[in-house]
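S.K.: sequence-free structure coming up:
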């Protein structure tokens, strides 16, 4: 054993065996010469039996129980360094030498040791025969990275896996970041390829990105592109194929079933022009909305494709559209219009009695659905012809929806619309109360919403006869009545009023209210006591 001759043939082998350290031709001659000298000195040489595989500290931890007594090579990060002993980071096995360990001219982070693992009593101990310096993990990463050709994804994946595993083992955030960098480079190289089945490539890359714990944004980008290709190829797809694709989109992309809002129209237009670019630049919230657009593109044509040539089933298709895509309500109304146009030739000319008789005939023939369609067409036509201020006519239509079709939800909606247009109508209020609704702060609520709605800060203040900032002028008058005096001033874009209330002989309550151009009512901004 010789701990102070690092340039024996065996040492040269170790040194050359390190990743990314390739010797010159002169270096190989040095190996051969050292090998000859080693034969003369009786030292290990390259001609000797193959050296054992180099183990990392992590591998040693996992395999130590079955490696006792074998010649081993172990590399890792140094935690403690003594004269004749050392400790590797994250390794409980002590490493000891019978001779003094070599000293290096600079601080060393990584070393390689050769020796044997032996059992001393109940514990394992590594007997060090040789120790050499190794490059740090960061240096090794960059050395390996410089040797990659830039065109082979597998080598980038291998480098990324090596850096990520060591980064996790040593809790090294810098090395973890480098591992992610290499893995992302591999994904990017493979993504640029153009195989016959690009959908399969993107799906495989998304699974790989997930297994490597790469950012979810990248995973969704790959999945999105795969589904975009599948959607673009749906021109001749069957209804079943479209439904299957929509089901897959709902499974893999979040918020696919969440309806869009009216203000999402600009995003819809931009995405239609450049779907891949818009998705790549979108934030998570916008991406969730795009997932909905993709789900719609896959499934909506399957629903609308079931429309009969004469639009006779337009109400059925419209109902499905409203249920699954409420943001497409205008489209659903178009199908209802088409269905009405088909039926209007008969239904439009029928009186109430004639419509009821016709519906009864359909029921006698065991065709209740057709009876309901006739009644729904007739009621829809009546509803659309009503003047918006015709409270009596609207109440009659609402009653017919409830009694003839058992469509309580439509009847309630008509009553609520009428209440918005005619808030003082006693007849509308009576019908709503009969349907289980309750009025609270000018808003009609269902029994469930009325019972579960929590009292707000302003509602509590009104109930207690107090005024707080945020209240409207209407609420202040409701709580305190008319003020003793009102002082008003107007500036560009807003009106300011000060309402004075007498609460005691020595003080008054001054309420400052402001109404800006976009507001319908004054709003309290300050409340104070004045002498």
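M.R.: Sure, I can see it. Model, not experiment: these values are computed from the prediction. Residues are numbered from 1 along each chain as shown.
S.K.: any low-confidence regions in this protein?
M.R.: The chain contains residues with pLDDT under 70 at 1-50, 344, 441, 451-455, 503-506.
S.K.: Where does the record place the domain boundaries for it?
M.R.: 54-135, 194-305, 457-530 (automatic domain parsing).
S.K.: Export those as TSV, with columns for mean neighbour count.
M.R.: C-beta: built from backbone N, CA, C; applies to glycine. Shown next, in TSV, are those (neighbours: other Cβ atoms under 10 Å):
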stretch	mean neighbour count
domain 54-135	16
domain 194-305	16
domain 457-530	14
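S.K.: Of all those domains, which one is nearest residue 323?
M.R.: domain 194-305 (9.5 Å; Cβ to Cβ).
S.K.: Give me the distance between the two termini of that closest one.
M.R.: With Cα to Cα, to the nearest Å as the measure, domain 194-305 spans 34 Å from end to end.
S.K.: try stretch 427-444
M.R.: 14 Å.
S.K.: Buried residues, that stretch. List them.
M.R.: 428, 429, 431, 432, 435, 437, 444 (16 or more other Cβ atoms under 10 Å).
S.K.: quick one: secondary structure of the third one?
M.R.: Using DSSP: H, G, I helix; E, B strand; the rest coil, the three-state assignment for residue 431 comes out as helix.
S.K.: show me what contacts it?
M.R.: Listed by Cβ atoms under 8 Å, 6 or more residues apart in numbering, the contact set of residue 431 reads 395, 398, 399, 415.
S.K.: which pair in these spans the largest distance?
M.R.: Across the contacts of residue 431 (Cβ to Cβ), the longest gap, 9.7 Å, separates 399 and 415.
S.K.: more crowded one of the two?
M.R.: Per other Cβ atoms under 10 Å, whichever of residue 399 and residue 415 has more neighbours is residue 415, with 27 against 14.
S.K.: Assess the claim that that one and residue 396 are in contact.
M.R.: No. Using Cβ atoms under 8 Å, residue 415 makes no contact with residue 396, being 11.8 Å away.
S.K.: quick one: residue 448 is in a helix?
M.R.: Yes. Counting by three-state DSSP, residue 448 is found in a helix.
S.K.: who's in contact with it?
M.R.: Taking Cβ under 8 Å, 6+ apart as the test, residue 448 contacts no residue whatsoever.
S.K.: Likewise for residue 351?
M.R.: Counting by Cβ under 8 Å, 6+ apart, there are no residues that residue 351 touches.
S.K.: Kindly reformat the domains of the chain as CSV containing distance to residue 373.
M.R.: Output for those, formatted as CSV (distance: least, Cβ to Cβ, whole Å):
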stretch, distance to residue 373
domain 54-135, 71
domain 194-305, 18
domain 457-530, 42
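S.K.: who wins for proximity to residue 358 among those?
M.R.: domain 194-305 (28.6 Å).
S.K.: What segments of the chain are strands?
M.R.: 54-56, 71-81, 85-88, 95-97, 110-120, 123-134, 438-440, 443-445, 485-491, 494-502, 508-516, 523-530 (DSSP state E).
S.K.: for these, which one sits closest to residue 220?
M.R.: Nearest of the strands of the chain (Cβ to Cβ): strand 54-56, 33.8 Å.
S.K.: Which residues does that closest one contact?
M.R.: Residues outside strand 54-56 that contact it (Cβ under 8 Å, 6+ apart): 17, 63, 72, 73, 74, 75, 76, 112, 166, 169.
S.K.: leaving aside the residues next to it on the chain, what's closest to the last one?
M.R.: What that stands for is residue 169. residue 58 (4.9 Å; Cβ to Cβ, 6 or more residues apart in numbering).
S.K.: surely the one you found meets residue 77?
M.R.: No. Applying Cβ under 8 Å, one finds residue 58 not in contact with residue 77, separated by 10.8 Å.
S.K.: re the thing from before, figure out which of the domains of the chain is closest to residue 149.
M.R.: Shortest distance between residue 149 and the domains of the chain, using Cβ to Cβ, is found for domain 194-305: 19.2 Å.
S.K.: now the closest one, how far from the centre of its chain.
M.R.: A distance of 13 Å separates the centroid of the chain from that of domain 194-305, by Cα atoms, centre = their mean, to the nearest Å.
S.K.: Next: stretch 427-447.
M.R.: 39 Å.
S.K.: Span of that stretch from start to end?
M.R.: Note: stretch 427-447 ends 19 Å apart using Cα to Cα.
S.K.: repeat for stretch 85-93
M.R.: End-to-end distance (Cα to Cα), stretch 85-93: 11 Å.
S.K.: Ok, stretch 183-201 next?
M.R.: Where stretch 183-201 starts and where it finishes are 16 Å apart, if you go by Cα to Cα.
S.K.: what sits up against that stretch?
M.R.: Stretch 183-201 has contacts (Cβ under 8 Å, 6+ apart) with 150-157, 160-161, 164, 202, 205, 208-209, 212, 214, 218, 222, 226, 229-230.
S.K.: repeat that for 10 Å
M.R.: 145, 148, 150-161, 163-164, 202-206, 208-209, 211-215, 218-219, 221-222, 225-230, 233 (Cβ atoms under 10 Å, 6 or more residues apart in numbering).
S.K.: and what of stretch 114-125?
M.R.: So stretch 114-125 is in contact with 1, 10-11, 14, 44, 51-52, 54, 60, 63-74, 85, 92-97, 126-132, going by Cβ under 10 Å, 6+ apart.
S.K.: thinking again about what came up before, can you say which of the strands of the chain is nearest to residue 297?
M.R.: Distances from residue 297 to each of those were compared using Cβ to Cβ; the minimum, 36.8 Å, belongs to strand 443-445.
S.K.: Neighbouring strands - and their directions - for that closest one?
M.R.: For strand 443-445, the paired strands and their directions (DSSP bridges) read strand 438-440 (antiparallel).
S.K.: longest single helix anywhere in this protein?
M.R.: As assigned by DSSP state H, the longest helix anywhere in the chain is helix 284-304.
S.K.: For that helix, name the packing helices and strands.
M.R.: helix 216-232, helix 239-252, helix 265-273, helix 275-281, helix 314-324, helix 329-347 (3 or more Cβ pairs under 10 Å, 6 or more residues apart in numbering; DSSP states H and E).
S.K.: bridging residues for the residue nearest to residue 132 when sequence neighbours are not counted?
M.R.: Once flanking residues are discounted, residue 132 sits nearest to residue 112: 5.2 Å by Cβ to Cβ, 6+ apart. When assigned by DSSP bridges, residue 112 has beta-bridge partners residue 75, residue 132.
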